[in-house]
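**Q** Provided below are the primary sequence and the corresponding predicted coordinates.
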Amino acid sequence: MSFAVQIETGEKNVSLITEWEDAASVSLRERLENILLKKKIGLPVDRALEEIGYGEDEIRMMSE
């Protein structure tokens, strides 16, 4: 992809970052169970929510 961007833009030093998503579908129940398990082993709830994809604003709203 960086080569394609170089050709398209003419930029020589192109750096790209790949962000992978889990291909497996996970139900809401499974996500909630994962949060509970992580909380049980000592992970802060905010961190567990962040790990399953909630943004900072969403987490802040849930914490109020």
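**A** Here it is on my side, so go on.
**Q** residues contacting R47?
**A** In this structure, R47 makes contact with K38, judged by CB atoms under 8 Å, 6 or more residues apart in numbering. Placement of C-beta: from N, CA and C, glycine included.
**Q** distance check, it against M1.
**A** When CB to CB, to the nearest Å is the yardstick, R47 and M1 sit 31 Å from each other.
**Q** check S63 too.
**A** For S63, the distance to M1 (CB to CB) stands at 38 Å.
**Q** try I17
**A** Counting by CB to CB, the separation of I17 from M1 is 11 Å.
**Q** mind checking which of the two has more residues around it?
**A** Looking at I17 and M1 with other CB atoms under 10 Å, you find the greater number of neighbours at M1, namely 8 against 4.
**Q** nearest residue to that one other than its sequence neighbours?
**A** Leaving out its chain neighbours, the residue that sits closest to M1 by CB to CB, 6 or more residues apart in numbering is L16, at 5.7 Å.
**Q** regarding that neighbour, which helix or strand does it belong to?
**A** Taking DSSP states H and E as the criterion, L16 maps to no regular element, lying outside all helices and strands.
**Q** tell me who's in contact with it.
**A** Contact criterion CB under 8 Å, 6+ apart gives 1-2, 5 as the residues in contact with L16.
**Q** so which helix or strand takes in R31?
**A** Secondary structure from DSSP H and E places R31 in helix 28-40.
**Q** what residues of stretch 52-59 count as buried?
**A** By 16 or more other CB atoms under 10 Å, the buried positions in stretch 52-59 come out as Y54.
**Q** give me the distance from it to the chain's centre.
**A** The chain centroid and the centroid of stretch 52-59 are separated by 9 Å under CA atoms, centre = their mean, to the nearest Å.
**Q** ends of it, how far apart?
**A** One end of stretch 52-59 to the other measures 11 Å (CA to CA, to the nearest Å).
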